[in-house]
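In: I would like the atomic coordinates for the input below:
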Amino acid sequence: MNLPNLLTLLRIFFVPLVVAVLVQENLSYAVNGFTLTNELLALAIFLAAAATDLLDGYLARRWKQVTTVGTLLDPIADKLLISAALIALVQAHVVTAWMAILIIGREFAVSGLRAIAAAEGYTIKASELGKTKMVAQVAAVSLVLLSMHWKGLRPAAVAGLWAVVFFSLASAVDYVRKFWRGIDEKVKLRRRRELLRLDRRKKREARLLARARRAPAE
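Out: Got it, this is the predicted structure:
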């Protein structure tokens with residue numbers, strides 16, 4: 001188990017911590033005269049988890065330690081972190097349920113498309129829109145957590161959530177387009193091969209039949 005994969009696993013470990021802290025009510029700690037509330041503690045854990053997302057990919061590429069396990073776990077860890085945070089924020093009544101359902105539903109729908117494409121031998125790489133969406137998600141969740149402590153940030157948090165909805169839908173359309181294009185090309189190639197095999201078989205059968213008809217005359 002290399003360090004990038006350990007960081008990915010650490011991000012998964014952070015998920016229940018974020019939820020556990022957020023669902024606590026009136027939780028606060030006094031640290032050097034500063035009151036650390038549950039939403040600020042959740043923000044610190046969330047940002048630490050998000051930082052591991054940047055670090056594990058960077059280290060894996062720099063140290064040439066990209067593995068199949070890491071490739072599979074990394075998007076799962078990202079989706080678990082964002083989904084858990086959104087569900088906990090819905091529970092805290094600071095994020096509307098339909099936004100969370102749309103964002104989370106998009107994550108699982110795209111994962112399903114990529115899995116189907118992979119089974120067909122076609123890899124859908126992460127797009128720039130998808131990467132922008134992830135950045136927007138981290139920023140929006142952070143703003144929502146801050147707005148729970150400083151109410152003046154609520155408009156910025158709402159704007160961030162709408163940005164996430166926009167990038168989620170835009171990137172989903174992009175992935176669907178890539179999926180259909182890739183699968184369509186795959187199906188066309190498969191049909192072309194099948195037609196070629198069928199044509200060769202018919203020609204072979206025709207030669208055998210012609211040879212059989214010539215045999216009595218000989």
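
In: in the chain, what helix or strand scores lowest on average pLDDT?
Out: strand 28-31 (a mean of 67; mean pLDDT, DSSP states H and E).

In: all helices of this structure, in order?
Out: 3-22, 38-62, 68-91, 97-119, 128-149, 154-217 (DSSP state H).

In: and the fifth one, what does it pack against?
Out: Spelled out, that is helix 128-149. helix 38-62, helix 68-91, helix 154-217 (3 or more Cβ pairs under 8 Å, 6 or more residues apart in numbering; DSSP states H and E). Yep, even glycine has a C-beta here, placed from its N, CA and C like the rest.

In: I'd like the helices of the chain written out as a markdown table, with mean neighbour count and mean pLDDT added.
Out: Below are those laid out as a markdown table (neighbours: other Cβ atoms under 10 Å; pLDDT from 0 to 100):
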| stretch | mean neighbour count | mean pLDDT |
| --- | --- | --- |
| helix 3-22 | 19 | 88 |
| helix 38-62 | 18 | 86 |
| helix 68-91 | 19 | 86 |
| helix 97-119 | 15 | 87 |
| helix 128-149 | 20 | 89 |
| helix 154-217 | 13 | 82 |
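
In: how near is the most centrally placed residue in the chain to Ile82?
Out: With distances taken as Cα atoms, centre = their mean, Pro75 lies nearest the centre of the chain, 4.7 Å away. Distance of Pro75 to Ile82, computed by Cβ to Cβ, to the nearest Å: 11 Å.

In: try Leu198
Out: Taking Cβ to Cβ, one finds Leu198 at 48 Å from Ile82.

In: how about the contacts made by Leu102?
Out: Counting by Cβ atoms under 8 Å, 6 or more residues apart in numbering, Leu102 touches Val165, Ser168, Leu169.

In: got TSV for the residues you listed, with distance to Pro16 too?
Out: Putting those into TSV (distance: Cβ to Cβ, whole Å) gives the following:
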residue	distance to Pro16
Val165	26
Ser168	24
Leu169	29
